[in-house]
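1. give me a model of this one.
(2 chains)
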2 protein chains.
Amino acid sequence: MTLSKKPYRGTRDFFPIDKRKRDHLFQAMNETAELFGYEPYDGPLLEEVDLYRAKSGDELINEQIYSFTDRGEREVAIRPEMTPTVARMVAQVHKNETKPIRWYSIPNLMRYEKPQRGRLREHWQFNVDIFGAPGFSGEIEILQLAVSLMNKLGANETHFEILLNDRRIVDALFKGAMGANEEQALKLYKIVDRAKKIPADAVAKLVAELNLSSPAVALFDQYLEVDSFEGLLALLDETKQTQTATDLRAFLVQFNDLGIAKYVKYDPAVVRGLDYYTGIVFEIFDKHPDNRRALCGGGAYANLLKIFNEEPLPGIGFGLGDVTLTDFLETHGLMPDFTLASNDLFLAALDETSMTKMLQVASALRAHNIKTVTALEPVKLKKAFPMAEKRGAKFVAFIGENEIQNNTMPIKNLKEKSQVDISMNDITSIAKHLRA
Amino acid sequence: MTLSKKPYRGTRDFFPIDKRKRDHLFQAMNETAELFGYEPYDGPLLEEVDLYRAKSGDELINEQIYSFTDRGEREVAIRPEMTPTVARMVAQVHKNETKPIRWYSIPNLMRYEKPQRGRLREHWQFNVDIFGAPGFSGEIEILQLAVSLMNKLGANETHFEILLNDRRIVDALFKGAMGANEEQALKLYKIVDRAKKIPADAVAKLVAELNLSSPAVALFDQYLEVDSFEGLLALLDETKQTQTATDLRAFLVQFNDLGIAKYVKYDPAVVRGLDYYTGIVFEIFDKHPDNRRALCGGGAYANLLKIFNEEPLPGIGFGLGDVTLTDFLETHGLMPDFTLASNDLFLAALDETSMTKMLQVASALRAHNIKTVTALEPVKLKKAFPMAEKRGAKFVAFIGENEIQNNTMPIKNLKEKSQVDISMNDITSIAKHLRA
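-> Predicted structure coming up:
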């Protein structure tokens, strides 16, 4: 039998070029999180299914999760998301930790779904959360961090926007202004969540089924048409949601003060489904006409620890996947060229007797942190240049009988076509030259 | 129902201190591989079970693998090791790739086994392989790379040794010198693999069952007692395995020339089970009396691509797991202290009105790559110091009404107890001071 060479459906083989792209994203994620003082964590690949059942209800469990029964009769699942794991971990330590707790991670996750653009079965997701931050400070910091990451990757307000809403504002309008009861409000949330994907008359039909008063229905239509914070504030004022309007104004002042106002846009349709959010909810959205999709979803939640019988600890966080982020960067031409590796030196021997000396010089240079690729058999002078280029080397150097006799090594800069000769005894000078 | 806060059996929660330790290992692995010009790759978390069945036979599949049937009736497994994946990937590209192919990866792997010291169900493993290297050059480079990694982590020849053998040498002795047939040789391999774990008389009994000649049995006993390359060479000379002895001598010369001889020890009992190795086999072994175990196993293989109907492409590689490596470093006191995060600055406002300015300064410093943790509510001067220490900050600074009025920020070095005042307009100077 001949085996398939292809990866399992919906997963990816990361050849060096692909892995360097992924490393580029991960490095930006790690560096950004660390700049804000976030600390790294990770959890297990498998969790008991009960953990997901407690958080998400049965729909996700039945349809989208990779679950199975282990040899010890435990029902386990490959993690489809990181939030239940981080909640489980925070529940263990939050009583003794200094607040706020700032954590980040980049786990691999799996969901069983039909592979399509932007959605695969396996992906990596940057998860950032802050727990126990006072007032709106956690919200502001998390949004700043998300913007910083996008900026670090070369993206600005022409490339992406942050579509933002707040569950408390939506509640104030639905329950306070429109007089919807719990059940009606829940259904309105579901309608809002689908509002962009279905036609306006289908939305109207769904709303009509809820038996709301006509002023409430009119208000709902008005809500769905809000397209700015100014418009939202007008609506809140008009409907006498005074406290909510005051809180929002204070929040918006900080957006201006901290330079993130230009990225943030109010979007009444963003409610993040039936997720666990209780405060702000947001999505980073690609502005490119060919790639109109969310890269990232996040928000504030108050009750994540409840399933562990722990005291409430409010948190704010987001998840940003590598598949959508890669699409985003490539769509906008923001992904650097990773075709070749990046090495300092390609080092070759010109004859068999010089091989040992060449390998010794290579070792010595590596001890000086010079990325040195060696040719593992003797190489003719002319052939070494294309070989060095294939290895992405900045410099090429040879060692042959003459070089050993003179104890001097010619080092050529491939880009500048220049050459210097340095004594092979003086590895420090060679390393310094190669790093310059 | 209250959910368990514990991780799934045999897996680990990586809290920040644990994750920083793991990052320390991964950084050393990445840097070492890159110094040798190895390129990063990764594969999917799940592979079809056939891939493992083709390589390992049914034992591993039945007992140690996390396998299940997906919703599309595919039999899949969580990767228990990386070699089948790397073989599958190399099989896709080897015809068009410049040789040698040098690749590395640090995947998470899962095996169903009884958790014990050094063995967990989930671990990460540094995998390094070179394909298509001429002569013994790949073997030498891979051993050099393994030694470099251990050196980078602070370990030297007092901490670890590399126990080495060569299947071709063992074959020369078993088949050539002892006259064993294929079946007998296979059984001798199995006995050798268990020789250190069972008493000498049990070994003798197993050998007796093979109906070898008495000189062959005597030779086998002599083989098992070899404890140095000199002893091995003497045995090869004595039994007229001339070519094998010549090859070995040439190999050993390189160990001396390249500074790895002091790490490498001949061990007749190392054969790496019934694995796919065809040339050298080796283990990095902990010398500490409390932790006598292998950290790493590797070797040379000729036929990995056969299961894909591809031309043979010889390779050499090893796998080094994070669990055993962590035990090793901690046993020898070589693990740095990662209790605290490492931040440049802890920045606080002394009053509510200074919060915005403080957050603006924090943003500006982060744009200069200063790792800045902010206090998210006003802090009293005295309380800021212990807070800064908990965050692992090198410097602490405050902004209050006076500071805003003078436009100057006092920056205190926590370790040296010194202070400088720098203008808040001059973020570049502040950043420079914090980096110094």
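
2. kindly calculate the angle that the helix of greatest length in chain A makes with helix B:16-35.
-> Longest helix of chain A, by residue count under DSSP state H: helix A:16-35. Helix A:16-35 and helix B:16-35 are oriented at 140 degrees to each other (axes from the mean of the first three to the mean of the last three Cα atoms, to 10 degrees).

3. which residues are contacting the following helix or strand past helix A:16-35?
-> Per DSSP states H and E, the first helix or strand lying C-terminal to helix A:16-35 is strand A:39-40. Counting by Cβ atoms under 8 Å, 6 or more residues apart in numbering or on different chains, strand A:39-40 makes contact with A:30, A:33, A:102, A:103, A:104, A:105, B:14, B:16, B:19, B:20, B:23, B:341, all of which sit outside it. For glycine as for every other residue, the C-beta is placed from the backbone atoms N, C-alpha and C.

4. give me the number of residues near the second one?
-> Neighbours of residue A:33 under the rule other Cβ atoms under 10 Å in any protein chain shown: 24.

5. identify the bridge partners of the residue nearest to residue A:49 when sequence neighbours are not counted.
-> Distances taken as Cβ to Cβ, 6 or more residues apart in numbering or on different chains put residue A:75 closest to residue A:49, at 4.3 Å, once the chain neighbours are dropped. Residue A:75 has these beta-bridge partners by DSSP bridges: residue A:69.

6. per-residue pLDDT, residue A:75?
-> At residue A:75, the model reports a pLDDT of 94.

7. doesn't residue A:50 make contact with it?
-> Yes. Here residue A:75 reaches residue A:50: they are 7.4 Å apart, a contact under Cβ atoms under 8 Å.

8. which one's more surrounded, the two?
-> Taking neighbours as other Cβ under 10 Å, residue A:75 and residue A:50 compare with residue A:50 leading, 18 against 13.

9. how about the secondary structure of the more buried one?
-> Three-state call for residue A:50 (DSSP: H, G, I helix; E, B strand; the rest coil): helix.

10. could you report the neighbour count for the closest residue to it other than its chain neighbours?
-> Spatial nearest neighbour of residue A:50, chain neighbours left out: residue B:3 (6.0 Å); criterion: Cβ to Cβ, 6+ apart. If you count neighbours by other Cβ under 10 Å, residue B:3 ends up with 18.

11. doesn't residue B:3 fall inside a strand?
-> No. Under the criterion used here (three-state DSSP), residue B:3 is coil, not part of a strand.

12. residue A:54 versus that one, what's the distance?
-> 6 Å (Cβ to Cβ, to the nearest Å).

13. between these two, which contacts overlap?
-> Counting by Cβ under 8 Å, 6+ apart, the shared contacts of residue B:3 and residue A:54 are residue A:307.

14. would you mark the buried spots in stretch A:269-277?
-> Applying a neighbour-count criterion of 16 or more other Cβ atoms under 10 Å in any protein chain shown, one finds A:269, A:270, A:271, A:272, A:275, A:276, A:277 buried in stretch A:269-277.

15. need phi/psi at the residue nearest to residue A:50.
-> In terms of degrees, to the nearest 10, the main-chain angles of residue B:3 are phi -80, psi 150.
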